[in-house]
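Undergrad: Need coordinates for the following:
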Amino acid sequence: MNPIKKTFDIGDGRMIEIETGKLAKQADGSVVVKMGDTMLLATVVSSQTAKEGVDFLPLSVDYQEKYAATGRIPGGFLRREARLSDYEVLISRLVDRALRPMFPEDYHADTQVMISLISADKDIMPDALAGLAASAALAVSDIPFNGPISEVRVAKIDGKLVINPLMSDLERATLEFIVAGSYNDIGMVEGECKEISEAEMVEAIEFAHKAIKIQVQAQRELAEMVGKTTKREYCHENSNPELRERAFADTYDKVYAIAKSASAKNERSEKFSEIEKAFIASLGEGLDDVTKFLAKKYFHDVQYDAVRNLVLDEGMRLDGRDSRTVRPIWSEVSYLPAAHGSAVFTRGETQALTSVTLGSKSDEQMIDGAFINGYNKFLLHYNFPGFSTGEVRPNRGAGRREIGHGNLAMRSLRQVLPEENPYTIRIVSDILESNGSSSMATVCAGTLALMDAGIPIKAPVSGIAMGLITDEKTGKYAILSDILGDEDHLGDMDFKVTGTEKGIVACQMDLKINGLKWEVLSAALEQAKEARLHILNEMKKTIATPREDYKPHAPRIVTLKIDKEFIGAVIGPGGKIIQEMQRETGANISIEEVDNQGIVEIFADNKAAIDAAVGRINAIAAKPEVGATYEGKVKTIMPFGAFVEIMPGKDGLLHISEIDWQRYETMDGIFNVGDMVTVKLLEVDKQGKLKLSRKALLPRPPKPEEQGA
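TA: Predicted structure coming up:
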């Protein structure tokens with residue numbers, strides 16, 4: 001065993017170590033990446049041959065956190081790691097999106113990348129190291145790969161840009177992006193921010209790219225140390241140049257004409273399909289499977305070139321728009337009468353039906369991950385059924401795409417939620433039609449639904465998906481606002497940007513080309529801003545500000561603060577008192593200690609239940625106030641006065657001299673036990689004893705000399 005290590009500094013003296021040759025040596029490539037006590041094991045295995053009829057890269061990327069890495073035992077019945085959590089899926093997607101464009105287009109062998117968190121430093125986030133680990137495993141393998149690449153987290157903390165900041169510092173960040181790229185180019189960006197400018201975003205990405213270059217160079221040097229600079233030979237594609245030439249000759253003009261006809265999606269797809277079928281039929285009967293496969297592939301190449309050339313040469317898109325125009329928009333709120341808030345948002349052929357549900361603390365989501373655990377009170381669930389694109393597809397629950405798109409919308413809307421929010425909020429976005437970015441439709445519909453629900457968001461948020469088409473030979477390029485599904489598939493960039501009128505709050509960018517110039521990125525951001533503001537104005541025509549109050553049928557939450565000493569009294573032995581209050585009032589009551597205070601949340605769907613619960617809790621936890629008046633019950637009568645209960649469990653002495661302005665010699669006949677009497681609290685002495693007076697509430701009789709006068 002001769003492990004090889006490469007160590008480098010990412011700034012401020014923080015070191016990253018990459019080691020290979022020690023663990024998982026039967027994989028095609030394996031490394032351990034270490035920063036502090038955080039360690040990631042990344043392995044990659046790729047089949048030597050490709051399966052028949054496959055014209056894409058069957059790449060799978062799985063990131064998983066081992067609970068032992070943080071010294072924890074998994075929850076649940078099985079007590080073992082199970083299916084990937086949403087957090088793990090999101091990290092897997094980040095790595096996949098960074099790696100996939102870097103494989104050769106003609107490489108089609110099954111390839112599996114696995115990344116495991118095997119040791120964790122609780123202040124060093126592993127997600128920013130996962131892309132580096134995966135790329136390093138490829139770098140020390142013989143698998144064809146046009147890398148290396150790397151990923152870093154860039155954040156602005158206290159006004160300064162930082163690479164891979166500590167987790168404890170992220171709370172102060174005004175922007176936070178994961179950026180991936182090669183030595184020369186940026187390939188992927190995803191993150192959130194607090195209404196920053198376009199220039200600030202470009203600055204952060206450029207700063208991140210400098211750190212990526214250092215990590216890419218370290219991988220190159222590691223590969224040379226290992227001696228894996230030569231990659232395996234492969235041949236995964238059949239080719240037929242004559243057939244390709246015939247496909248272009250027979251179909252290009254027809255495809256170009258249909259692309260230029262500005263027809264609807266379904267009509268356009270049918271016409272393209274007819275041309276494809278006619279072309280294959282023209283090749284004669286008895287075609288073998290390889291020829292059929294290549295004919296379809298080359299027809300796709302025709303579509304690719306025709307649509308792109310139409311945009312670059314004539315400035316025209318598939319639906320007839322120019323590069324900057326956003327499709328027609330209509331929206332509606334309160335569409336679902338029983339929901340706490342709802343909206344329909346439609347942009348062209350993309351439609352989202354979104355609802356908002358308000359819940360209590362007991363509805364919070366418990367997060368029980370190896371690295372991140374706690375509670376989440378803002379949830380956004382995105383659903384993409386088959387009928388939204390006219391397809392028959394079984395409903396198997398949320399897949400990686402749904403989780404990723406929902407996360408982008410969630411991060412966008414999270415930035416504008418009120419600081420003081422007592423509710424657990426769940427947004428559900430059901431995509432009913434899709435031709436273009438449905439995640440951006442979810443952001444718009446989610447904003448409308450939150451305002452409809454009466455949530456006092458800081459500002460409305462809109463989102464737009466931008467595209468890019470380039471020609472490396474001529475240098476021509478076109479930035480496209482509000483891209484169609486076909487433009488996403490045939491274009492070079494999918495760039496989603498969300499923001500308020502003040503600035504950007506989240507973004508997600510995937511590039512399929514090398515050599516994106518910074519000035520093109522800046523131009524795309526400025527064009528996106530123009531489109532975002534247009535969409536915001538359209539949304540404001542439906543609802544411009546949050547409703548002043550919640551819906552009549554929406555639940556209400558009241559928060560009370562009580563002294564720490566009363567927490568036990570409100571809960572009662574074994575929870576008896578709080579359970580009794582919930583049962584008798586119909587309210588849901590939760591209590592926790594925060595900063596030496598008891599924070600009580602009372603949740604109910606009607607005001608009477610809220611008022612009843614507040615009264616019960618105040619009766620237990622309120623402190624008697626000197627000078628206040630109370631309606632008390634006589635509990636005990638003594639020769640010198642009566643003890644009166646002014647609050648549950650709080651008795652005060654009403655001395656015989658404080659009963660009335662007239663003088664009483666005895667207590668006989670003045671009160672009976674159980675009588676109600678109105679008294680004023682005069683004093684609370686050092687021992688906590690209460691001194692009461694009834695006399696202080698009675699008008700003082702005139703003195704004898706005053707009567708004679």
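Undergrad: Just to check, Lys564 is in contact with Asp595?
TA: No - checked against CB atoms under 8 Å, the pair Lys564 and Asp595 is beyond contact range at 9.4 Å. In short, each C-beta sits where N, CA and C put it, glycine included.
Undergrad: Pick out whichever of those two has more residues nearby.
TA: Shown here are Lys564 and Asp595; by other CB atoms under 10 Å, Lys564 has more neighbours (12 against 7).
Undergrad: and that one, what does it touch?
TA: By CB atoms under 8 Å, 6 or more residues apart in numbering, the contact list for Lys564 reads 593, 596-598.
Undergrad: So which of these are in strands?
TA: With strands taken from DSSP state E, the overlap with the contacts of Lys564 comprises 593, 597-598.
Undergrad: which one of these sits closest to Gly688?
TA: In terms of CB to CB, no member of the ones in strands among the contacts of Lys564 lies closer to Gly688 than Gly598, at 19.4 Å.
Undergrad: didn't that closest one look like it was pressed against Ile562?
TA: Yes - contact criterion CB under 8 Å: Gly598 and Ile562 qualify, at 4.2 Å.
Undergrad: okay, and the common contacts of those two?
TA: Common neighbours of Gly598 and Ile562 (CB under 8 Å, 6+ apart) are 570, 621.
Undergrad: hmm, back to that, for the ones in strands among the contacts of Lys564, pick the one with the most neighbours.
TA: Tallying neighbours with other CB under 10 Å puts Gly598 at the head of the ones in strands among the contacts of Lys564, with 22 neighbours.
Undergrad: per-residue pLDDT, that residue?
TA: In this prediction, Gly598 carries a pLDDT score of 89.
Undergrad: dump the residue contacts of it.
TA: 561-564, 566-567, 570, 591-592, 621.
Undergrad: could you redo the last one with a cut-off of 10 Å?
TA: Residues in contact with Gly598, defined by CB atoms under 10 Å, 6 or more residues apart in numbering, are 560-571, 591-592, 617, 621.
Undergrad: Can you say which of these are buried?
TA: Neighbour counting by 16 or more other CB atoms under 10 Å classes 560, 562, 566-567, 569-571, 591, 617, 621 among the contacts of Gly598 as buried.
Undergrad: In strands, which of the residues you listed appear?
TA: Within the buried ones among the contacts of Gly598, residues falling in strands by DSSP E are 560, 562, 591.
Undergrad: Paired strands for the lengthiest strand in the chain, with orientation please.
TA: Longest strand in the chain, counting residues (DSSP E): strand 38-50. Sheet pairing here is set by DSSP bridges, and for strand 38-50 it gives strand 29-35 (antiparallel), strand 109-119 (antiparallel).
Undergrad: now stretch 635-651: mean pLDDT?
TA: 86.
Undergrad: And the helices in the stretch 51-200 of the chain?
TA: 86-99, 127-139, 198-226 (DSSP state H, counting those that start in this stretch).
Undergrad: what stretches of the protein score poorly on pLDDT?
TA: Along the chain, segments meeting pLDDT under 70 span 1, 704-709.
Undergrad: can you map out the helices along it?
TA: 86-99, 127-139, 198-226, 241-260, 265-282, 289-314, 400-414, 438-453, 485-490, 518-540, 567-571, 576-585, 607-621, 704-708 (DSSP state H).
Undergrad: any chance of those helices in CSV, with distance to Asp158 too?
TA: Converted to CSV, the helices of the chain look like this (distance: least, CB to CB, whole Å):
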stretch, distance to Asp158
helix 86-99, 26
helix 127-139, 19
helix 198-226, 15
helix 241-260, 51
helix 265-282, 48
helix 289-314, 44
helix 400-414, 21
helix 438-453, 29
helix 485-490, 38
helix 518-540, 25
helix 567-571, 37
helix 576-585, 42
helix 607-621, 40
helix 704-708, 72
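Undergrad: Among those helices, which comes closest to Phe77?
TA: It is, among the helices of the chain and with distance given as CB to CB, helix 86-99, at 19.9 Å.
Undergrad: Would you mind extracting the C-alpha trace of that closest one into CSV?
TA: This file holds the C-alpha atoms of helix 86-99, laid out as CSV (Å, rounded to 0.1, in the frame of the first residue of the first chain):
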residue,chain,number,x,y,z
ASP,A,86,-33.8,15.4,0.4
TYR,A,87,-30.6,17.1,1.5
GLU,A,88,-28.5,14.2,0.2
VAL,A,89,-30.5,14.2,-3.1
LEU,A,90,-29.8,18.0,-3.5
ILE,A,91,-26.1,17.5,-3.1
SER,A,92,-26.1,14.5,-5.5
ARG,A,93,-27.8,16.8,-8.1
LEU,A,94,-25.2,19.5,-7.6
VAL,A,95,-22.4,17.1,-8.3
ASP,A,96,-24.2,15.4,-11.2
ARG,A,97,-24.9,18.8,-12.9
ALA,A,98,-21.2,19.7,-12.6
LEU,A,99,-19.9,16.4,-13.9
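Undergrad: got the angle between it and strand 109-119?
TA: 130 degrees (axes from the mean of the first three to the mean of the last three CA atoms, to 10 degrees).
Undergrad: Show the end-to-end separation of stretch 27-39, please.
TA: 18 Å (CA to CA, to the nearest Å).
Undergrad: ah, wrong one, I meant stretch 645-652
TA: 6 Å.
Undergrad: Only the buried residues of that stretch, if you could.
TA: 646-647, 650-652.
Undergrad: hmm, who's touching that stretch?
TA: Against stretch 645-652 from outside (CB under 10 Å, 6+ apart): 569, 616, 618-624, 628-636, 642-644, 654, 677-684, 688-693.
Undergrad: which of those count as buried?
TA: 569, 616, 620-622, 630, 632, 634, 642-644, 654, 677, 679-682, 690-693.
Undergrad: returning to that earlier point: of all the helices of the chain, which lies closest to Asp549?
TA: helix 438-453 (10.3 Å).
Undergrad: CA atoms only: put that closest one into CSV for me.
TA: What follows is helix 438-453 as a C-alpha-only set of coordinates in CSV (Å, rounded to 0.1, in the frame of the first residue of the first chain):
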residue,chain,number,x,y,z
SER,A,438,-42.3,25.4,-14.0
SER,A,439,-40.1,26.1,-11.0
MET,A,440,-40.2,29.8,-11.9
ALA,A,441,-44.0,29.6,-12.2
THR,A,442,-43.9,28.0,-8.7
VAL,A,443,-42.1,31.0,-7.3
CYS,A,444,-44.6,33.4,-8.8
ALA,A,445,-47.6,31.4,-7.8
GLY,A,446,-46.1,30.9,-4.3
THR,A,447,-45.7,34.6,-3.9
LEU,A,448,-49.3,35.2,-4.9
ALA,A,449,-50.6,32.5,-2.6
LEU,A,450,-48.6,33.8,0.4
MET,A,451,-50.0,37.3,-0.1
ASP,A,452,-53.5,35.8,-0.5
ALA,A,453,-53.0,33.9,2.8
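Undergrad: If anything else comes up later, I'll come back, but that's it for now.
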